[in-house]
Structures are given as C-alpha cells and as structure tokens.
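Chemist: only geometry, no sequence info:
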C-alpha cells in the first residue's frame, strides 16, 4: 500500500507534520481518557464483595481486560511522553509515524480490554454463553469500525 501525502493548500512540509502531530495527539487524548477510566474500574474489581463469586473463566477475563487496558494506556500515552523527550530534536516526523502505529496498537488493545470487560460482566451476571455472545458482539463491532472498515477504505483508494 502506498500512502499519498497531501496537506492543506499552501502548507509546507513542516507545517503539515506539525498539524498532523497536533491532530494525532488530540485524538490520543480522547482515547486515553476512556481507557484510563476502564483501567481504574478494573483495578477496583478484585476488592469488591462479589469477587469471591467470580469463577476461573471470569478471573481470566478480568486479567485479560486488565492487561489489555494497561497496554492500551501505554500505547496511548507513549506519544506524549516521547514528544516531551524528543522536543526540538528534528525527529518530529519519525515521532508522528511511530505515534500513529502506537495509536493503532492501542486501539487493538483497547478493543481486547473492552471485549473482555463486557464478557466478564455478562459471565458474572448471566452465564458463560451470553458472555461469549456479548463479548463477540463488542469484538466484531469494534473490529469492523476501528480496523477493517478503514483498511478496506485504504485498499479501495489504492485500487482506484
């Protein structure tokens, strides 16, 4: 796949990179808030009264959700941390491409965390088979809108 580099009319390469980095960091700020709320919620779950009723499947779902939300947090926060460390080093474009890849990885981890969290709640409240259905629905919906649909758009653009 080739990527077409386009900018705003009259925009220099530096201005485009600056704008794109600002847009990317703003998008990551939105995502990191959601994943941190999920992560904070998950950190409290084992300390609740009903935790003793959670079976082995539920505990695995919990740890998958916890680990995935932690990894999503790392991916979403890394571009801001690296931006501070690499400030005025001339590596902004490299940082922009890396931040984009981290945003995609963070989205994938967040999707796993959300899927496991929904499946955990459904498993505790309903039972194993509804957990699989509801978790699968979250995974399919997020997978389509966050990953597959944009990849299909890229493929269609490259084919035309």
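Modeler: Arrived safely, thanks for sending. This is a predicted model, so every value here is computed, not measured.
Chemist: Any stretches of this structure with poor pLDDT?
Modeler: Along the chain, segments meeting pLDDT under 70 span 1-8.
Chemist: rerun at 80
Modeler: 1-10, 14, 18, 21, 24-25, 27-32, 86, 88, 90, 160 (pLDDT under 80).
Chemist: could you measure the spatially most central residue of it against residue 28, distance?
Modeler: For the chain, residue 107 is the residue whose C-alpha lies nearest the centre (C-alpha atoms, centre = their mean; 2.0 Å). Residue 107 sits 10 Å away from residue 28, going by C-beta to C-beta, to the nearest Å. (Glycine included, C-beta is placed from N, CA and C.)
Chemist: Quick check: which element contains residue 154?
Modeler: helix 149-159 (DSSP states H and E).
Chemist: just residue 73 next, same as before
Modeler: Using DSSP H and E, the element containing residue 73 is helix 56-85.
Chemist: Mind giving me the packing neighbours of that helix?
Modeler: If you count contacts as 3 or more C-beta pairs under 8 Å, 6 or more residues apart in numbering; DSSP states H and E, helix 56-85 packs onto helix 13-44, helix 92-125, helix 128-142.
Chemist: buried residues in the last one?
Modeler: Applying a neighbour-count criterion of 16 or more other C-beta atoms under 10 Å, one finds 131, 134-135, 138-139, 142 buried in helix 128-142.
Chemist: could the residues you listed go into TSV alongside distance to residue 59?
Modeler: Shown next, in TSV, are those (distance: C-beta to C-beta, whole Å):
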residue	distance to residue 59
131	13
134	18
135	15
138	19
139	20
142	23
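Chemist: Show me which of the residues you listed is closest to residue 53.
Modeler: residue 131 (14.4 Å; C-beta to C-beta).
Chemist: Could you pull up the contacting residues of the closest one?
Modeler: 57, 61, 119-120, 122-123 (C-beta atoms under 8 Å, 6 or more residues apart in numbering).
Chemist: which pair in those residues spans the largest distance?
Modeler: Counting by C-beta to C-beta, the most remote pair of these is 57 and 122, 11.0 Å apart.
Chemist: which residues sit in contact with the residue lying closest to residue 77 once chain neighbours are set aside?
Modeler: Distances taken as C-beta to C-beta, 6 or more residues apart in numbering place residue 32 nearest to residue 77, at 6.0 Å, with adjacent residues excluded. Counting by C-beta under 8 Å, 6+ apart, residue 32 touches 73, 76-77.
Chemist: Redo those residues as TSV? Include neighbour count.
Modeler: What follows is those, written out as TSV (neighbours: other C-beta atoms under 10 Å):
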residue	neighbour count
73	20
76	27
77	17
